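Enquirer: Sequence and computational prediction follow.
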Amino acid sequence: MDEVGLGAFGDVRLQRLVVEGGLLSQHCARLPEQDRASLDVPPRGGRRARKALVGLRFGHVTLTRPAAASRDLPPNVALWVVVVNEIDPPPASSRCIGGC
C-alpha cells in the first residue's frame, strides 16, 4: 500500500513507528472503517477535477519509545490516530493516508 503520512515524523519514519503488537501502519490498516464521504478534488497540474470517495478510520494507539531514543523519554505515549484514505483512486494517483 502506498502511504503518505501527514505528521511530524514524515512518511517513512511514521510507517515504522512501533505500537503495541506491531507497526503503526499495520495497526491503522486493521482499524474498522467508521464512515465514508465524497470529496471534490480540484484540478491540479494536468489532472481534471473529480470526485473522490474516502474512508475514515480512527482509534487509540500506544506508541513505544524507539530503542535509540533517550531513556529520559517515557517508554510509551498513548494517543488517537485518524486515517483518511481514498477508496479506489485512479491508477495514476497515489493513496493518501493522513495520521499513519
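Expert: Yep, that arrived.

Enquirer: max-length strand in the protein?
Expert: Of all the segments of type strand in the chain, defined by DSSP state E, the longest one is strand 50-64.

Enquirer: Buried ones in the helix or strand just after it, by neighbour count?
Expert: Tracing the chain C-terminally past strand 50-64 and defining elements by DSSP states H and E, one meets strand 76-86 next. Residues 81, 82, 83, 84, 85, 86 are the ones in strand 76-86 that count as buried (16 or more other CB atoms under 10 Å). C-beta coordinates here come from the backbone N, C-alpha and C atoms, glycine included.

Enquirer: Going by distance to residue 61, which of those residues wins?
Expert: Among the buried residues of strand 76-86, residue 81 lies closest to residue 61 (CB to CB), at 5.1 Å.

Enquirer: By residue count, tell me the biggest helix in this protein.
Expert: helix 24-30 (DSSP state H).

Enquirer: quick one: strands adjacent to the following helix or strand past it?
Expert: Per DSSP H and E, the first helix or strand lying C-terminal to helix 24-30 is strand 33-41. Sheet pairing for strand 33-41, assigned by DSSP bridges, gives strand 50-64 (antiparallel).

Enquirer: State the mean pLDDT of the partner strand.
Expert: Averaged over strand 50-64, pLDDT sits at 92.

Enquirer: can you pull the alpha-carbon coordinates of it into CSV?
Expert: Written as CSV, here are the backbone C-alpha positions of strand 50-64 (Å, rounded to 0.1, in the frame of the first residue of the first chain):
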residue,chain,number,x,y,z
ARG,A,50,-13.0,14.9,-9.9
LYS,A,51,-14.9,13.3,-7.0
ALA,A,52,-13.1,11.1,-4.5
LEU,A,53,-14.6,8.6,-2.2
VAL,A,54,-12.7,8.5,1.1
GLY,A,55,-12.9,6.2,4.1
LEU,A,56,-12.4,7.3,7.7
ARG,A,57,-10.8,5.1,10.4
PHE,A,58,-9.7,6.1,13.9
GLY,A,59,-8.6,4.5,17.1
HIS,A,60,-6.5,4.6,20.2
VAL,A,61,-2.8,3.6,19.9
THR,A,62,0.1,3.4,22.2
LEU,A,63,3.5,4.2,20.6
THR,A,64,6.6,2.5,22.0
